[in-house]
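Trainee: Curious how this folds, go ahead:
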Amino acid sequence: MIDWRSAVTGTWRGVRGGPAVTYGLIAACCLLFVFSPVSGLNPAHGTGDALLAAQGSYFRRWGVVPAELMSGEPRALLTPFTALFVHGSWLHLLGNMLFLYVFGAMAEERMGRVAYALFYLGTGYLALAGYAAAHAHSEQTLVGASGAISGVLGAFLFLFPRSRVTSLFPFLFFLPLRFPAWIVLVFWFTLQWMAARAAGAGPGVAYLAHVVGFAIGFLYAWVRYRGGDRVKAPAAATEGESQP
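Mentor: Below you'll find the model as predicted:
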């Protein structure tokens, strides 16, 4: 998986009080992770085998199990929402939150807080449900905000296609290169698509959820904002940097 970082520039008018939804989502994910058995910081979950058992139960309770979701079990129907706030490791959490921090603020500013919050949750749900539908008999647990964040990326691609992105690519010796956002995000989507075609239903990254989320996010923005509410020219800088 290609490791790169980006700093995004584009228009930023700001919203009163800042991007509260984006910051709230980040805070919620981080706090839940710290107190969960996955972080290893909460002594209440024990150590060794007890900690591993607690982690397994935690994922099973709050994550998406495709076979259970596709069976229509009432409890399982809520798990695509809860799974958006569950992460499998520190690296998983930090990568997702950095990505949300960079791209989420501008998307929230454009959509508005309520619409953005509903968009984030709805896209995340559909992305996880889409993966579950494609692997309907899988018992592997699916967790993470990647599907929802991929939706944010898809919307960002439509709304801010010419925002500039500075990226570091390992195969280019980590040279900082600047590209329009559409080039970087289309490249990212292509990688996810290729990985999804090669991946199975076993443990690992749910690339298909990324593809579904990105496509839904882009289509939503296209339908909602195709009348012209887009940013076509680069301007002032936003904040943050990210690593998927």
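Trainee: Give me the residue ranges of this structure where confidence is low.
Mentor: Confidence mapping of the chain against pLDDT under 70 gives the ranges 1-17, 164-184, 187-189, 192-193, 195-205, 228-244.
Trainee: Need the nearest residue in space to residue 93, chain neighbours excluded.
Mentor: Counting by Cβ to Cβ, 6 or more residues apart in numbering, residue 93 lies nearest to residue 87, which is 4.0 Å off, once chain neighbours are set aside. For every residue, glycine as well, the C-beta is placed using N, CA and C.
Trainee: To which secondary structure element type does that neighbour belong?
Mentor: Remark: residue 87 carries the secondary structure label coil [criterion: DSSP: H, G, I helix; E, B strand; the rest coil].
Trainee: Can you verify my assumption that it contacts residue 100?
Mentor: No. At 11.8 Å, residue 87 does not count as touching residue 100 under the criterion of Cβ atoms under 8 Å.
Trainee: what are the ranges of the helices in the protein?
Mentor: 20-35, 48-62, 66-70, 79-82, 90-111, 113-134, 146-159, 181-198, 207-225 (DSSP state H).
Trainee: buried residues in the first one?
Mentor: For helix 20-35, burial by neighbour count (16 or more other Cβ atoms under 10 Å) applies to 21, 22, 23, 25, 26, 29, 30, 32, 33.
Trainee: Could you let me know which of those ends up closest to residue 152?
Mentor: When the buried residues of helix 20-35 are compared for distance to residue 152, the smallest value, 8.9 Å, is given by residue 22; criterion: Cβ to Cβ.
Trainee: Please name the nearest non-neighbouring residue to the closest one.
Mentor: Ranked by Cβ to Cβ, 6+ apart and with sequence neighbours excluded, the top spatial neighbour of residue 22 is residue 104, at 3.8 Å.
Trainee: Check residue 144 too.
Mentor: Excluding the flanking residues, the one nearest residue 144 by Cβ to Cβ, 6+ apart is residue 87, at 5.5 Å.
Trainee: need the contact list for the one you found.
Mentor: The neighbours of residue 87, taking Cβ atoms under 8 Å, 6 or more residues apart in numbering as the test, are 29, 33, 38, 93, 96, 143, 144, 145.
Trainee: What's the PyMOL line that selects buried ones from those residues?
Mentor: Typed into PyMOL, the line below selects the buried ones among the contacts of residue 87, using 16+ other Cβ under 10 Å:
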select buried, resi 29+33+38+93+96+143+144+145
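Trainee: Same list, the contacts of residue 87, but as a markdown table with distance to residue 79 please.
Mentor: Compiled in a markdown table, those are given as follows (distance: Cβ to Cβ, whole Å):
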| residue | distance to residue 79 |
| --- | --- |
| 29 | 16 |
| 33 | 17 |
| 38 | 16 |
| 93 | 18 |
| 96 | 18 |
| 143 | 9 |
| 144 | 12 |
| 145 | 14 |
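Trainee: Distance of residue 206 relative to residue 144?
Mentor: Computed with Cβ to Cβ, to the nearest Å, the distance linking residue 206 and residue 144 is 8 Å.
Trainee: And for residue 21?
Mentor: Distance, residue 21 to residue 144, using Cβ to Cβ: 18 Å.
Trainee: same question, residue 61
Mentor: 15 Å.
Trainee: Repeat that for residue 163.
Mentor: The span separating residue 163 from residue 144 equals 25 Å under the rule Cβ to Cβ.
Trainee: cool, and residue 74?
Mentor: 23 Å.
Trainee: likewise residue 91?
Mentor: Distance of residue 91 to residue 144, computed by Cβ to Cβ: 11 Å.
Trainee: residues contacting the spatially closest residue to residue 150 that is not a sequence neighbour?
Mentor: Using Cβ to Cβ, 6+ apart and skipping the chain neighbours, the partner closest in space to residue 150 is residue 213 (3.4 Å). For residue 213, the contacting residues are 123, 124, 126, 127, 146, 147, 148, 149, 150, 151, 154, by Cβ under 8 Å, 6+ apart.
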